[in-house]
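Peer 1: Based on what follows, work out the 3D shape:
(one chain, ligands or ions: 1)
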Amino acid sequence: MSRSSPDNAGSEPRPSERPWPRRETRSVSVGGVRIGGGAPLSVQTMTKTDTADVRATLAQIERAAAAGADLVRVAVPSLQLVDAFAEIAAASPMPIIADVHFDHRIAVECARAGAHKLRINPGNIGDDDRLAAVIEAAAEAGIPIRVGVNSGSLEPDLLERHGGVTADALAESAVRTVERMQRLGFEHLVVSIKGAEVPMTVAANRAFAGRSDLPLHLGITEAGFGRAAAVRSAAGLAILLADGIGDTLRVSMTDPPEDEVEVAIYLLRSLDLREGPWVISCPTCGRCQVDLPPLAREVAEALRELNAPLKVAVMGCEVNGPGEARQADVGLAAGRGRAVIFARGEPLRTVPIDSAVAALMQEARRIAEDMPDAQGQQ
Ligand code: SF4
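Peer 2: Numbering: from 1, shown residues only. Predicted structure coming up:
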């Protein structure tokens, strides 16, 4: 999978082909990657290394970029780390977001040090003078700010009025935060709202989306790790995306950033919100005569070189496989020691199993070349 170009964060099917209309939002630019205003949904991740370790952080960013990330966020927990952040920002292959809490001076310095966006929680950044200093630095650097609210940052009067943490209270807190930024003269905003649970996050984002046209950053906070985290994130994000809500997203997982990116991209492709190759391997059954999982993984790995929206089938038997995968552009149906290469359900030729992936990729490249707009996407 190739890295996105800054001017085109991912690619989406043409509007007329989209299964669900996107909410109309304002647009901001993060180092050339547009968020909102109909731009393709961008995929974000966050580094998990010590920010002081520039080499390790850049290596992680490179891996996230290779996996298809469009934007990366780096935590800057102290003023002493701004120099390291500047070094990372200068060498990063994709736009970089400074994640700052509590100390407004860090946000100011990060804006001056090459951040393409700031992520702050105005609730913990201090009084209006401090927030105004951050806004001034962002305006001078020409960068947007993401403001986030979450269940832990709700104002006491909202907690009292809404009887605790509720979706409406979160949405109202977000509206209030935006109004505070706007009163201080700043409009280049992205908003994120995260509840403690998936249903509350969904409801709060829906409520805010009904009251504002600012772009939304989606995420399910503290989703956990591995498959459970992937499913939990996908469950929440898919509901919002199907509502047309969301302009950029992060799948938060305890796992490495590239895993977060992979899950996000599979989610977007599953909803036809991002184009790219897709392996449709069969679940296997008693008819299967090869070890199919490693073969499917090898095909998925080989397909990373292509950007085209190809459906590629990897099927476990020669007899049923091609017919079952009729909707695939190209595929292989494995038998004992050999495989049938087929396109749109019709057999093309039979090859030894050892050369099956190479033969499949030959056909895949040929078909991808004929696909309109396939080059340069994503
Ligand atoms: S393609 Fe063949 S092996 Fe795979 S599930 Fe269908 S019948 Fe079973």
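
Peer 1: How far off centre is stretch 127-136?
Peer 2: Mean-position distance between stretch 127-136 and its chain equals 30 Å (CA atoms, centre = their mean, to the nearest Å).

Peer 1: Next, the buried residues of that stretch.
Peer 2: Within stretch 127-136, the residues that count as buried by 16 or more other CB atoms under 10 Å are 130, 131, 132, 133, 134, 135. For every residue, glycine as well, the C-beta is placed using N, CA and C.

Peer 1: Also stretch 87-106?
Peer 2: Within stretch 87-106, the residues that count as buried by 16+ other CB under 10 Å are 87-89, 92-101, 103-104, 106.

Peer 1: Closest one of the residues you listed to residue 185?
Peer 2: residue 104 (16.1 Å; CB to CB).

Peer 1: does the closest residue to the closest one other than its chain neighbours count as helix, strand or coil?
Peer 2: Spatial nearest neighbour of residue 104, excluding adjacent residues (CB to CB, 6 or more residues apart in numbering): residue 130 at 3.9 Å. Following DSSP: H, G, I helix; E, B strand; the rest coil, the label given to residue 130 is helix.

Peer 1: Spatially central, which residue of this protein would that be?
Peer 2: Centroid-nearest residue in the chain: residue 43, 2.3 Å away (criterion: CA atoms, centre = their mean).

Peer 1: roughly how far out does the helix or strand harbouring that residue sit from the chain middle?
Peer 2: According to DSSP states H and E, residue 43 maps onto strand 42-46. Relative to its chain's centre, strand 42-46 lies at 5 Å (CA atoms, centre = their mean).

Peer 1: for the record, mean pLDDT for the helix or strand just after it?
Peer 2: Using DSSP H and E, the next helix or strand after strand 42-46 towards the C-terminus is helix 54-67. Helix 54-67 shows a mean pLDDT of 97.

Peer 1: What of stretch 229-245?
Peer 2: The pLDDT scores in stretch 229-245 average 95.

Peer 1: how about it: buried residues?
Peer 2: Quick answer for stretch 229-245 (16+ other CB under 10 Å): 229-230, 232-234, 236-241, 243, 245.

Peer 1: Would you mind putting those residues into a markdown table with secondary structure and distance to residue 215 alongside?
Peer 2: Below are the buried residues of stretch 229-245 laid out as a markdown table (DSSP: H, G, I helix; E, B strand; the rest coil; distance: CB to CB, whole Å):
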| residue | secondary structure | distance to residue 215 |
| --- | --- | --- |
| 229 | helix | 24 |
| 230 | helix | 24 |
| 232 | helix | 23 |
| 233 | helix | 19 |
| 234 | helix | 21 |
| 236 | helix | 18 |
| 237 | helix | 15 |
| 238 | helix | 19 |
| 239 | helix | 18 |
| 240 | helix | 13 |
| 241 | helix | 14 |
| 243 | coil | 15 |
| 245 | coil | 10 |
